[in-house]
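Chemist: Below: sequence and its predicted model.
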Amino acid sequence: MLQKGDFIEIDFTGRVKDGEVFDSTIIEDLQKLHQGHDHPIVAKPFIFCIGAGMFLESIDGFLAGKETGKTYEIELKPEQAFGSRDPALIKMIPISVFSEQKINPVPGFTLNFDGRIGKILTVSGGRVTVDFNHSLAGKTIDYKIIVLRRIEDINEKIKSLNEFFFRRDFKFEVIDKKLILETDKHFSRVVSLFADKFKELLGLDLEIKETEEKKEETIEDGKSQIVQDKTP
């Protein structure tokens, strides 16, 4: 039986109740999701730790006590999934804010506002109405989950956390109860913030080995600004 703290590998598809797919690890469903796009589609199972906040809390609770090698389906009400819609999260923003960033606000566009994702609803006169609710807020969600296996290998667990937290495949080694992770000096500050998380999930103390900095991996400091979200 699965329990909190287990690392597991799953395939899954999430869809709006009686509606379209919004996320999946299964190639057939991903093709439906990205129909009309010409970029390559990559499908691979998802590895995560139950109870570590890497998936929806309701999914974590559902999977505890289940078995590997089986397929499960679960329906989540809005409050169990992405929350109910909150009218207070619909904001009016002066159009001058967009002009300063040389952005032409168009209804339907999704933008990143200092780390907050908002969808433009209307543009009227000098004001722009932006909805900061999650795009799936207020909707009932269906998940189909195939539990493939429990992960036991420590290296595979580490690689899955690096991918989830940093979207990077860092070089690393484990010596006794210490995880030595290689990264450039600039990114090491970010990695160090997750030391407690590695300790909690793996029981390993994190040591960062700084390597020569690579330009493509640096993080530029500077003022926050509105950036158009280019995710398809």
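Modeler: Yes, it's here.
Chemist: C-alpha from now on. contacts and neighbour counts both.
Modeler: Noted.
Chemist: The spatially most distant residue from the centre of the chain and residue 95, how far apart?
Modeler: Going by Cα atoms, centre = their mean, the residue of the chain most distant from its centre is residue 125, 35.4 Å out. Relative to residue 95, residue 125 is positioned 8 Å away (Cα to Cα, to the nearest Å).
Chemist: Which positions within stretch 188-204 qualify as buried?
Modeler: Neighbour-count burial for stretch 188-204 flags 188, 191, 195, 197-198, 201-202, 204 (criterion: 16 or more other Cα atoms under 10 Å).
Chemist: what would these look like in a markdown table with distance to residue 146?
Modeler: Converted to a markdown table, these look like this (distance: Cα to Cα, whole Å):
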| residue | distance to residue 146 |
| --- | --- |
| 188 | 35 |
| 191 | 31 |
| 195 | 31 |
| 197 | 26 |
| 198 | 26 |
| 201 | 23 |
| 202 | 24 |
| 204 | 29 |
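Chemist: and those residues, which of them are in strands?
Modeler: Taking DSSP state E, every one of those sits outside strands.
Chemist: now, among those residues, which is nearest to residue 35?
Modeler: Taking Cα to Cα as the measure, residue 35 lies nearest residue 191 of the buried residues of stretch 188-204, at 35.7 Å.
Chemist: for the closest one, what are its contacts?
Modeler: By Cα atoms under 8 Å, 6 or more residues apart in numbering, the residues touching residue 191 are residue 166.
Chemist: Let the chain start at 99 from now.
Modeler: With 99 as the first residue, the last one maps to residue 289.
Chemist: From residue 192, how far out is it?
Modeler: For residue 289 relative to residue 192 (Cα to Cα), the value is 37 Å.
Chemist: Residue 300 now?
Modeler: Residue 300 is 47 Å from residue 192, by Cα to Cα.
Chemist: And residue 262, its phi and psi?
Modeler: As for residue 262, its main-chain torsions (degrees, to the nearest 10) stand at phi -70, psi -50.
Chemist: Let me know the closest of the buried residues of stretch 286-302 to residue 217.
Modeler: Out of the buried residues of stretch 286-302, the member with the shortest distance to residue 217 (by Cα to Cα) is residue 289, at 30.5 Å.
Chemist: Now for the residue positioned nearest the centre of the chain: which residues touch it?
Modeler: In the chain, the residue lying closest to the centroid (Cα atoms, centre = their mean) is residue 262, at 7.4 Å. Shown in contact with residue 262 (Cα under 8 Å, 6+ apart): residue 152.
Chemist: Please identify the buried residues of stretch 110-117?
Modeler: Those would be 110-114, for stretch 110-117 by 16+ other Cα under 10 Å.
Chemist: Looking at those, spot the one nearest residue 218.
Modeler: Among these, residue 114 lies closest to residue 218 (Cα to Cα), at 21.5 Å.
Chemist: For residue 229, name its beta-bridge partners.
Modeler: residue 188, residue 217 (DSSP bridges).
Chemist: Count the residues that sit near it.
Modeler: 22 (other Cα atoms under 10 Å).
Chemist: Over to residue 193?
Modeler: 18.
Chemist: Strands of the chain, residue ranges please.
Modeler: Going by DSSP E, the chain shows strands at 105-114, 119-122, 144-147, 169-174, 188-192, 208-211, 214-222, 225-229, 239-249, 270-273, 276-282, 303-309, 324-326.
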